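*Asks:* After the sequence you'll find the predicted model.
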Amino acid sequence: MIEARQLRFVYGEFVAVEQLSFKAKPGEVVGLLGPNGAGKTTTMRMLTGYLPPSAGTAIIDRFDIRDESFEARRRIGYLPERVPVYPDMTVRGYVLFWARMRHVRHPHTSTDQILRRFDLYSRRHKLIRHLSKGLRQRLGLAQALVHDPAVVILDEPTIGIDPQQVIDVRSAIRDIGRERTVVLSTHVLKEAEEMCQRVLIINHGRLVAQGTPEELRRQVARVHYFVQIGGASPKQQREFLTRLPGVQDVQADGSGFTLTSGSTDDLRPVLSSQIVARGWTLLELRIVQSSLEDIFLQAVSDPTEARS
Amino acid sequence: MQTLIVFRREMAQYLTSPFAYFIAAGFVLFNSIVFSRDFQSSAEQGIPINPALIPSLISFLLIFFAPLITMRLVAEEKREGMMELYLTAPVSEGAIVVGKYLGAWAYFTLLLAITLVYQLILLAFSPPDIGHTLLAYIGIWLYAGATLSVGLLCSALTENQIVAAFTSMIALLILYIGDFAGQVIGNIEVAAAIRALSLQGHFSTSFQVGLLRLQDIAFFAGIIVITLYLTIRLVEAQRWR
């Protein structure tokens, strides 16, 4: 379990994270989503006990990271954004080293188990300098999980690896998240949608939106429609479309218009009946699916507005 | 326990790293050149060789070799982001620093052990004053402990190994030449005070000439304790950056 309580972090005069609170339960993969410099890494560093919060605290599996840092750190597996390795060590030697550093009771057995799990066992005698980037990422995950932590924190776990490896790592993370609390950061929206049960959108160090990808889409999504009308001038069409209830934006789009509606109510029945009532012809009307991308852009463009 | 794990990893790193062998080769080369030169001249003149020859040479060599041995210890870990893993593991900063330090000292001890070959050669020709030699070796071992701790401290000051090496070379050079303060400073009390603070001042007049003085042991131990304490503080301070 992770509970962040009013976390704040200040670098000199720059406030990197401000009043950040959230909870993550066991069996839940929570994604921290935000543009670069939003405060994701700083947040994760506070959760892992690497950076002491300027204010607020976090509870890791019952232990406060400020007052019981040692106990909290025993329960955390951490994969930093850039997997730090000793190039001259063997794969097994490296994982065994971290198993011992984290007080694993049977370090050899645990190391071999985790290497098998991440398909690294056959490469256990290889020097790390000879591993590909994807394998290093798996090694980083093995290192983070060798002590069977209750909480796993992964900073941009799929950055810089090839698409097949991304799929492997994502499936490994879903697997890890079945019995543990996982917090991962990403700026890839698709990744958050695919892997996370819950997404926290952070911008300028503040939580600007949170919920399941589904909820977020429902709650804050703008719905886009494409409409093409015959029998009216573009000016008439634009005037008509702009005056429709709930329409926030009208953009010319090829031979038609793209409407943006702030409401999740379906606009199509009203739209089609009014077009027909005016004696025009409805040539095309469809919903352009809104993605988390829109939610994200909407959320990060308005940092003061927090939604839940 | 964690100190031992860090120590073992550092030792393994020294024993598998090509750079460490390069350092060892350079170290042995310098010692061999000086030893063979002095050995030859003492044989020609029929006078016994100085029992503290190798330790006194090492006391000078350490200005360059201690920084080379220690420069990567913390700087490299910081640059590679490894410190982030160390500091998020359930391990104290003290265990990390002391483990690394002991690793470097143990590696130096191996280098020092290699130079015992010269003493064996001497034993075969003209037995040296074993007590004197032994004291000089104990002295240089402690002296090295102090220089390595200074090197480790400089390594914790930066992320750049080269900067770490240069900083500690300068620091060690100052600590070395402090011994000659009497030759340039008129005021004898000031000169004595500077000398008392130099590393050489606690080696050249005691261990090197076959004397064992508690104050010299205390001085080296003090330097080690203070610099390790400062290094631990510096590593802790990384959390605040």
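*Replies:* Right, received. Where do you want to start?
*Asks:* and residue A:152, that's in a strand?
*Replies:* Yes. The assignment for residue A:152 is a strand, going by DSSP: H, G, I helix; E, B strand; the rest coil.
*Asks:* All the helices of chain B, in order from the start?
*Replies:* With DSSP state H, the ranges of helices along chain B come out as B:2-16, B:18-45, B:53-70, B:72-79, B:82-88, B:93-114, B:116-125, B:130-156, B:161-177, B:181-184, B:188-197, B:214-237.
*Asks:* is it true that residue A:37 lies in a strand?
*Replies:* No. Counting by three-state DSSP, one finds residue A:37 to be coil, located in no strand.
*Asks:* give me phi/psi at it?
*Replies:* phi 80, psi 10 (degrees, to the nearest 10).
*Asks:* Could you report the pLDDT at it?
*Replies:* Note on residue A:37: pLDDT of 82.
*Asks:* Likewise for residue A:142?
*Replies:* 93.
*Asks:* before we move on, what about the one 4 residues further on?
*Replies:* If you check residue A:146, the pLDDT there is 94.
*Asks:* residues in contact with the most centrally placed residue in chain B?
*Replies:* The centroid of chain B falls nearest to residue B:144 when counting by CA atoms, centre = their mean (2.4 Å). Residue B:144 is in contact with B:58, B:62, B:66, B:105, B:108, B:112, counting by CB atoms under 8 Å, 6 or more residues apart in numbering or on different chains. (Each C-beta comes from the backbone N, C-alpha and C, glycine too.)
*Asks:* ok so, going back, the helices of chain B into CSV, with extra columns for distance to residue A:180?
*Replies:* Formatted as CSV, the helices of chain B follow (distance: least, CB to CB, whole Å):
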stretch, distance to residue A:180
helix B:2-16, 24
helix B:18-45, 39
helix B:53-70, 39
helix B:72-79, 28
helix B:82-88, 16
helix B:93-114, 27
helix B:116-125, 54
helix B:130-156, 34
helix B:161-177, 37
helix B:181-184, 62
helix B:188-197, 55
helix B:214-237, 29
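*Asks:* Lowest average pLDDT across those helices?
*Replies:* Among these, helix B:181-184 scores lowest, at a mean of 72.
*Asks:* distance between it and the chain's centre?
*Replies:* Offset of helix B:181-184 from its chain centre (CA atoms, centre = their mean, to the nearest Å): 24 Å.
*Asks:* Quick check, the residue in the stretch 101-250 of chain A closest to chain B?
*Replies:* The stretch 101-250 of chain A approaches chain B most closely through residue A:101 (5.0 Å), counting by CB to the nearest CB.
*Asks:* Show the pLDDT at the nearest residue to that residue once chain neighbours are set aside.
*Replies:* The shortest distance from residue A:101 to any non-neighbouring residue, by CB to CB, 6 or more residues apart in numbering or on different chains, is to residue B:89 (5.0 Å). The model reports residue B:89 with a pLDDT of 93.
*Asks:* Next, give me the two most distant ones among the contacts of residue B:144.
*Replies:* Longest distance between any two of the contacts of residue B:144 is 13.8 Å, between B:58 and B:105; criterion CB to CB.
*Asks:* out of the two, which sits in the busier spot?
*Replies:* Neighbour totals were compared for residue B:58 and residue B:105, and residue B:58 leads with 27 against 20 (other CB atoms under 10 Å in any protein chain shown).
*Asks:* three-state assignment of the residue lying closest to residue A:210 once chain neighbours are set aside?
*Replies:* Computed as CB to CB, 6+ apart, the closest residue to residue A:210 that is not its neighbour in sequence is residue A:200, at 4.6 Å. The three-state label given to residue A:200 by three-state DSSP is strand.
*Asks:* Who is residue A:200 paired with across the strands?
*Replies:* Residues in a beta bridge with residue A:200, per DSSP bridges, are residue A:32, residue A:210.
*Asks:* Counting neighbours, what do you get for it?
*Replies:* By other CB under 10 Å, neighbour count at residue A:200 equals 25.
*Asks:* how about it, what does it touch?
*Replies:* Contacts of residue A:200 by CB under 8 Å, 6+ apart are A:22, A:30, A:31, A:32, A:33, A:207, A:209, A:210.
*Asks:* now with 10 Å?
*Replies:* Contact analysis of residue A:200 by CB atoms under 10 Å, 6 or more residues apart in numbering or on different chains lists A:4, A:20, A:22, A:24, A:30-34, A:40, A:43, A:183, A:185, A:192, A:207-211, A:216.
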